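Q: Quick one, fold the following:
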Amino acid sequence: MHDDWTSRVEAVWNDDALSDDDRLERIDALAAERPAGDAVALFERAGARDAAGLEADAAPLYRAALDAGLDAVHRPQAVIQLASTLRNLGRAEEAVSMLRAEVARRPASPLQDEASAFLALALVSLGREREAASLALRTLAPHLSRYTRSVASYADELAGRTP
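A: Residues are numbered from 1 along each chain as shown. Below you'll find the predicted structure:
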């Protein structure tokens with residue numbers, strides 16, 4: 001559903017002239033229109049803090065949004081954004097765990113490839129570059145117009161698997 005509230009939130013996010021503080025203030029004002037504990041309002045508040053570089057303030061709001069029961073559109077976004085925030089806070093192991101679960105989720109998350117990209121970044125943060133490159137190539141391979149099998153084979157090789 002795309003209601004007036006959602007449209008107004010999108011307008012704030014799309015306004016490049018806003019400072020981080022202005023965006024945060026406007027998102028908080030919009031979130032205050034929703035009932036206390038509204039999952040999407042919590043998610044938007046978390047995102048505003050994250051975008052402003054206030055990761056430590058964003059993380060608990062992302063968790064609260066997930067606990068409140070986000071819909072299928074917002075839940076994978078919140079997982080990815082929380083994991084990215086955790087990686088930026090030096091908690092890459094926790095980010096890897098969350099993102100592995102998202103990538104393995106069935107039915108597949110609509111943002112499975114995006115989760116894989118952020119998982120690769122978290123792996124790099126842990127010094128596991130070969131695993132990250134393998135994952136990135138494995139995720140990219142199905143989208144290629146040619147050389148899909150070759151790239152997938154190289155991804156396996158990087159991961160230490162033999163075809």
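Q: for this protein, what spans make up the helices?
A: Here the chain has its helices, by DSSP state H, at 4-14, 20-31, 39-51, 55-68, 74-88, 92-104, 112-125, 129-140, 148-158.
Q: As TSV, those with mean pLDDT would be great.
A: Converted to TSV, the helices of the chain look like this (pLDDT from 0 to 100):
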stretch	mean pLDDT
helix 4-14	97
helix 20-31	98
helix 39-51	98
helix 55-68	98
helix 74-88	98
helix 92-104	97
helix 112-125	97
helix 129-140	96
helix 148-158	94
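Q: how about those helices in a markdown table, adding mean neighbour count?
A: Heads up, the C-betas are built off the backbone N, CA and C, glycines and all. A markdown table is the format used below for those (neighbours: other CB atoms under 10 Å):
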| stretch | mean neighbour count |
| --- | --- |
| helix 4-14 | 13 |
| helix 20-31 | 16 |
| helix 39-51 | 23 |
| helix 55-68 | 18 |
| helix 74-88 | 22 |
| helix 92-104 | 19 |
| helix 112-125 | 20 |
| helix 129-140 | 18 |
| helix 148-158 | 15 |
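Q: Please report how far the most centrally placed residue in the chain lies from D156.
A: Most central in the chain under CA atoms, centre = their mean is I80, positioned 1.9 Å from the mean C-alpha point. Separation of I80 from D156 (CB to CB, to the nearest Å) stands at 25 Å.
Q: swap in E33?
A: E33 is 50 Å from D156, where distance means CB to CB.
Q: now swap in S145 and tell me
A: Distance of S145 to D156, given as CB to CB: 21 Å.
Q: for A31, same thing?
A: From A31 to D156 the distance is 45 Å (CB to CB).
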